[in-house]
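Enquirer: no sequence on this one, just coordinates:
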């Protein structure tokens, strides 16, 4: 998941330090990039004659939400720097698990591979000869010099000697520091202008959110373009073991998924997702009740993430759980009639308080996130060029540019610049970031590359943690954490929310101040390879769970909801659900233990440095 998006308190930013500390023990801690050029990367790349032959690179990307040739300004940077284009193959968009199996059976998953590794998938890809050994290709490269410890750790599960992949989200910070920036993985975001007009109604529990949503929908009945509004809108793209958009409501209470288990961030509880009193069924009942009130977008089951994103930009959806949906997509979208952003016009999203919530947030991965890796396919054309590309992705310039879709600033000189020793948005950046439909200036491609939004990096991959310090700016890669950005959060809407939040400047600061946040320490834990019998049972069960979950949310009556739930339980139990659940429970216990170990290892390494 993917996807696109951000959290640490402002005081953490100030104390994070100006030196970019490597998680590789004994390293210099200062990036020594071979490019090291602050110039326009397009102009720099245009002079690069290293790669004579133009190359189309097939990128099998299990977390991408776009399929096809990468367009726009990012495509131009890749073309000018590496003389290649990225053809993204996205199972999220088309093909799903079948696409992975089909391409694997053919022996060629892709030239560049971004894939999950759990349940033995990494070892199986290596064993099947789908991944190239990068040991020689990475020799002398900055990515290996800087992050060797994390890379070696991630490859312990390869099943044989060598380096077959590089983990994502490598961080220099403690596993107990949130990796989400200024807002946790989930929070109860609402259109604050409407919530304000409703008189800030209190909510003690999740279920109390429904009458509040009804008020919001009554106060804002139409979108900016005149379409009917809905409090909630869902999509299927990211469904895995269950209905992901339902599971996210469980994350409001500190839970995240591992197979058919919901695991609490602090390790205090492990729930069968079909537990009568568990958070997953609570979420399904919540969504069913919301739909009965006319609050759920009826197109939820047929739309994809991109369609939903456009609805947020138009103001058609009035609540969200992810900050990078409501807040990022709507607040800074420019109202072309008024010529100002929605935020400047007094319209936007902020988090309300549900009194019993404990919002889930992931901790930083000091050992790298080995659950999602980048690798080079064994049949790749020009693997050295792809190794150079990977090296660039993990450099400061690569993080700034390719990480734009994850909250980084994009190309220096276009969206941001240095001013008095700190990064600030350019005038273009203020209008374009994070993903607005703004034309790119002529010197950066102009009409030939289209709008900023259309050209955003589609890889949906975070090489380093966005909350880590960029050595070129001495502030986090995540632009919403920049001091220059935080001090400008002073619109009437900002100030009203800050007053509601007791003076807190960010959602993260607010939640920490009221003990409504749970950090799941970052760990490199990967679930063990499971037997083929379990995998077969799992695939059968999850198909039923996902299908029935969607039907339950949109059931016509309570009786139909109950019948579907009864049928769901009976069906999956007949398919071997309990056998799979036993495996997932064991994995969840191991993951909880690994989180404790990751914190201990980080603290011990810090003492020894």
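Expert: Received the coordinates, thanks. All figures in this text were calculated on a predicted structure; none of them were measured in a lab.
Enquirer: in the stretch 301-450 of the chain, which spans are helices?
Expert: 305-313, 326, 383-393, 396-402, 427-432 (DSSP state H, counting those that start in this stretch).
Enquirer: need the least confident one among those, by mean pLDDT.
Expert: Among the helices of the stretch 301-450 of the chain, helix 326 carries the lowest mean pLDDT, at a mean of 87.
Enquirer: What lies in contact with it?
Expert: Residues from elsewhere that reach helix 326 (CB atoms under 8 Å, 6 or more residues apart in numbering): 189, 191, 312, 317, 319, 320, 349. Any C-beta I mention is one placed from the backbone N, CA and C, and that applies to glycine too.
Enquirer: and the second one, what does it touch?
Expert: Under the criterion of CB under 8 Å, 6+ apart, the contact partners of residue 191 comprise 216, 220, 315, 318, 319, 326, 347, 348, 349.
Enquirer: So among the contacts of helix 326, which ones count as buried?
Expert: 189, 191, 312, 317, 319, 320, 349 (16 or more other CB atoms under 10 Å).
Enquirer: if we can go back for a sec, select from the contacts of helix 326 every entry located in strands.
Expert: Among those, the members falling in strands (DSSP state E) are 189, 191, 319, 320, 349.
Enquirer: Distance to residue 433 added to those residues, as JSON lines?
Expert: Shown next, in JSON lines, are those (distance: CB to CB, whole Å):
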{"residue": "189", "distance to residue 433": "19"}
{"residue": "191", "distance to residue 433": "21"}
{"residue": "319", "distance to residue 433": "23"}
{"residue": "320", "distance to residue 433": "18"}
{"residue": "349", "distance to residue 433": "16"}
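Enquirer: May I ask which two of these are separated the most?
Expert: Spatial extent of the ones in strands among the contacts of helix 326 (CB to CB) is set by the pair 191 and 320 at 9.3 Å.
Enquirer: what is in contact with the two at once?
Expert: Here residue 191 and residue 320 have 326, 349 as joint contacts, going by CB under 8 Å, 6+ apart.
Enquirer: hmm, back to that, is it possible to get a markdown table of the contacts of helix 326 that adds distance to residue 96?
Expert: A markdown table is the format used below for these (distance: CB to CB, whole Å):
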| residue | distance to residue 96 |
| --- | --- |
| 189 | 29 |
| 191 | 33 |
| 312 | 25 |
| 317 | 25 |
| 319 | 28 |
| 320 | 25 |
| 349 | 31 |
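Enquirer: how about residue 454, what does it touch?
Expert: 71, 72, 437.
Enquirer: Give the buried residues for stretch 425-443.
Expert: Those would be 425-426, 428-436, 438, 440, for stretch 425-443 by 16+ other CB under 10 Å.
Enquirer: just checking, residue 250 touches residue 279?
Expert: Yes - the criterion here is CB atoms under 8 Å, and residue 250 meets it with residue 279 at 3.6 Å.
Enquirer: Now the common contact residues for the two.
Expert: Shared contacts of residue 250 and residue 279, defined by CB under 8 Å, 6+ apart, comprise residue 262.
Enquirer: Which helix or strand contains the closest residue to residue 239 other than its chain neighbours?
Expert: Nearest residue to residue 239 in three dimensions, chain neighbours excluded: residue 546, at 4.9 Å (CB to CB, 6 or more residues apart in numbering). Per DSSP states H and E, residue 546 falls inside helix 532-553.
Enquirer: in terms of contact count, name the helices or strands touching that helix.
Expert: Counting contacts by 3 or more CB pairs under 8 Å, 6 or more residues apart in numbering; DSSP states H and E, helix 532-553 packs against helix 279-292, helix 558-574, helix 577-608.
Enquirer: I'd like the mean pLDDT over the last one, please.
Expert: What helix 577-608 shows for mean pLDDT is 91.
Enquirer: from the middle of its chain, how far away would that helix be?
Expert: Taking CA atoms, centre = their mean, to the nearest Å, the mean C-alpha location of helix 577-608 is offset from the chain mean by 21 Å.
Enquirer: what packs against that helix?
Expert: Here helix 577-608 touches strand 255-258, strand 261-264, strand 270-272, helix 532-553, going by 3+ CB pairs under 8 Å, 6+ apart.
Enquirer: the inter-axis angle of it versus helix 532-553?
Expert: 100 degrees (axes from the mean of the first three to the mean of the last three CA atoms, to 10 degrees).
Enquirer: For helix 577-608, buried residues please.
Expert: Burial within helix 577-608, assessed by neighbour count using 16+ other CB under 10 Å, is assigned to 577, 580-581, 583-585, 587-588, 590-592, 594-595, 598-599, 601-602.
Enquirer: Tell me where the model's unsure across the stretch 251-400 of the chain.
Expert: Scanning the stretch 251-400 of the chain for pLDDT under 70 picks out 336.
Enquirer: at 80 instead, please
Expert: For the stretch 251-400 of the chain, applying pLDDT under 80 flags the ranges 332-339.
Enquirer: Could you work out the end-to-end span of stretch 509-529 for me?
Expert: End-to-end distance of stretch 509-529 (CA to CA, to the nearest Å): 39 Å.
Enquirer: Now it: buried residues?
Expert: The neighbour-count check on stretch 509-529 (16+ other CB under 10 Å) flags 509-512, 516-527, 529 as buried.
Enquirer: pLDDT on it, on average?
Expert: The average pLDDT for stretch 509-529 rounds to 91.
Enquirer: can you start the count at 17 instead of 1 from here on
Expert: In the new numbering, first residue 17, that becomes stretch 525-545.
Enquirer: Spell out which residues sit in contact with residue 285, please.
Expert: Residues near residue 285 by CB under 8 Å, 6+ apart: 271, 279.
Enquirer: what's in contact with stretch 580-593?
Expert: Contacting residues not belonging to stretch 580-593 are listed as 276, 290, 297, 553, 556-557, 560-561, 564-565, 567-568, 571 [CB under 8 Å, 6+ apart].
Enquirer: residues near residue 247, how many?
Expert: Per other CB atoms under 10 Å, the neighbour tally for residue 247 reads 26.
Enquirer: Find the nearest non-adjacent residue to residue 222, please.
Expert: residue 302 (5.7 Å).
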